[in-house]
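Colleague: A structural model of the following input is requested.
(chains A and B)
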Amino acid sequence: KQEVTQIPAALSVPEGENLVLNCSFTDSAIYNLQWFRQDPGKGLTSLLLIQSSQREQTSGRLNASLDKSSGRSTLYIAASQPGDSATYLCAVANYGNNRLAFGKGNQVVVIP
Amino acid sequence: DAGITQSPRHKVTETGTPVTLRCHQTENHRYMYWYRQDPGHGLRLIHYSYGVKDTDKGEVSDGYSVSRSKTEDFLLTLESATSSQTSVYFCAIRPNQGTGPKQMNTEAFFGQGTRLTVV
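Modeller: A predicted model of the protein is given here:
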């Protein structure tokens, strides 16, 4: 069974600092890995999708890397802003079935 | 939002009553999923569907049933609601792309959620 872990569970950073969020998974047989953002009381918004054959994906201030062999992904958010305060979720699509396995999230607070 | 609508958005119901949540999509996607989200547990898969009348269980399927009689609607039914089913329920879709392994090479999109309280 795929286990997805996100560390740290919660963090606070001052505005302008770079954010580094970590995701690890136990089974490297994946199709892809997806990062989501969730604001309180809201649904999940897709941020980035990394295919298993890719090493990284970038969108604006966001960059996600994937090291499939070691079962790790990192989401970098450059020059953090108060509007980046949210919970960030990592999910992997497991090879051999049609499911997404989620971590419990990184809860981020950016302090103005 | 990839054309996903969940209804109702909020519901309070009594223990022992049946409840049906609806997920509606407008873009003919093959894969649809129901998750529940609870503090300390994250998102857990209840059931999913890979086509009309094709469904399968997820990791927390006990006490839930699903139906998909047409492509656009995926219904989740709590046959006899219990307090442990108080949760936020999310529907997700995965757009189609090719066949075989390529089917999974697309982003998953989520609905806005249904907050269900069982009293």
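Colleague: Can you tell me the closest non-neighbouring residue to A:Phe102?
Modeller: Nearest residue to A:Phe102, sequence neighbours excluded (CB to CB, 6 or more residues apart in numbering or on different chains): B:Leu43, at 4.2 Å. (C-beta placed from N, C-alpha, C; glycine too.)
Colleague: Secondary structure class of the one you found, three-state.
Modeller: strand (DSSP: H, G, I helix; E, B strand; the rest coil).
Colleague: what residues does chain B put near chain A?
Modeller: With CB under 8 Å from any CB of the partner chain as the criterion, chain B meets chain A at residues B:1, B:31, B:33, B:35, B:40-45, B:48, B:50, B:58, B:90, B:92, B:94, B:101, B:103-113.
Colleague: Could you spell out the sheet neighbours of the lowest-mean-pLDDT helix or strand in chain A, each with its direction?
Modeller: Within chain A, judged by mean pLDDT, DSSP states H and E, the helix or strand with the poorest mean is strand A:100-102; its value is a mean of 91. Strand pairing for strand A:100-102, using DSSP bridges, gives strand A:86-94 (antiparallel).
Colleague: Could you give me the buried positions within stretch B:18-28?
Modeller: Applying a neighbour-count criterion of 16 or more other CB atoms under 10 Å in any protein chain shown, one finds B:Val19, B:Leu21, B:Cys23, B:His24, B:Gln25 buried in stretch B:18-28.
Colleague: so which strand or helix has the residue most central in space within chain B?
Modeller: By CA atoms, centre = their mean, chain B has its centre lying nearest to B:Trp34, at 2.2 Å. Using DSSP states H and E, B:Trp34 maps to strand B:31-38.
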